[in-house]
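Participant: Okay, predicted coordinates and the sequence, questions at the end:
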Amino acid sequence: MARSDHGRPWMAQVLALSKVDFPPDHRQPRPVRFAVAALIAVVGSLAADAALVAIGTALVPATRGYVHFRFSDYGKLTIIGVLVACMAWPVVTWISSVPRWLFLRLAVIVTLVLWAPDLWILVKGEPVKAVLVLMAMHVAIAVVTYVALVHVSPPRQSKEREPLGA
C-alpha cells in the first residue's frame with residue numbers, strides 16, 4: 001500500500017483532510033425537517049433562477065427569449081440538481097463529524113464542475129452575458145440549497161446526549 005510522507009496510507013490522509021471520519025456522536029436529520037428543507041431548497045432555487053433570469057433579461061434585453069432562460073429548460077435541471085444535493089446531505093452527515101464544513105466544500109466543487117457546460121456553450125458562441133447569468137444561477141442554487149439543508153435539517157445529537165422527549 002502506498003504511504004504518504006507521514007507514514008499513513010495516502011487514502012487515510014485524504015479522508016482525514018476531508019473530515020470523513022464516520023462519527024458516532026450524531027444521527028441523521030429528522031425526516032420531516034429534511035423533507036421541509038428539500039422543499040425549501042427546490043422552491044427557493046427555482047425562485048432564485050427566475051429572479052436571475054428576470055434581472056438578466058432586464059439588464060440585457062438582447063437575451064430575452066434565450067433558450068436556456070426558459071423555465072422548461074432550467075426548471076427540470078434545477079430540480080434534478082437540487083434533489084441530488086439533497087440526497088447527498090444525509091450521506092455527508094453520516095460520514096463526517098463536521099458535515100457543514102464538508103458539504104460547503106462539496107457545494108463549491110460541484111458548482112465549479114457545473115460551470116464546465118456553461119463554459120463549453122460560451123466557447124461555442126453563446127452570448128457572454130447570458131452565460132454569466134447561467135453561471136450565477138448555479139451559484140444561487142448552491143447557496144439556497146446549502147442554507148436550506150444545513151439550517152433547516154441539521155444532524156441530531158446521539159441518543160445518549162439527546163434530552164428526553166426530543
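Facilitator: Sure thing, it's come through. Numbers count the residues shown, from 1 in each chain.

Participant: Pull the contacting residues for residue 115.
Facilitator: 135, 138 (Cβ atoms under 8 Å, 6 or more residues apart in numbering). The way it works is simple: take the backbone N, C-alpha and C, and place the C-beta from them, glycine included.

Participant: list the buried ones in the helix or strand hosting it?
Facilitator: Per DSSP states H and E, residue 115 falls inside helix 99-123. Of the residues in helix 99-123, 99-100, 102-103, 106-107, 110-111, 114-115, 118, 122 count as buried by neighbour count, 16 or more other Cβ atoms under 10 Å.

Participant: chain center to that helix, what's the gap?
Facilitator: 8 Å (Cα atoms, centre = their mean, to the nearest Å).

Participant: Kindly report the same for stretch 66-75.
Facilitator: What separates the centre of stretch 66-75 from the centre of its chain is 20 Å, taken as Cα atoms, centre = their mean.

Participant: same thing with stretch 71-84?
Facilitator: 13 Å.
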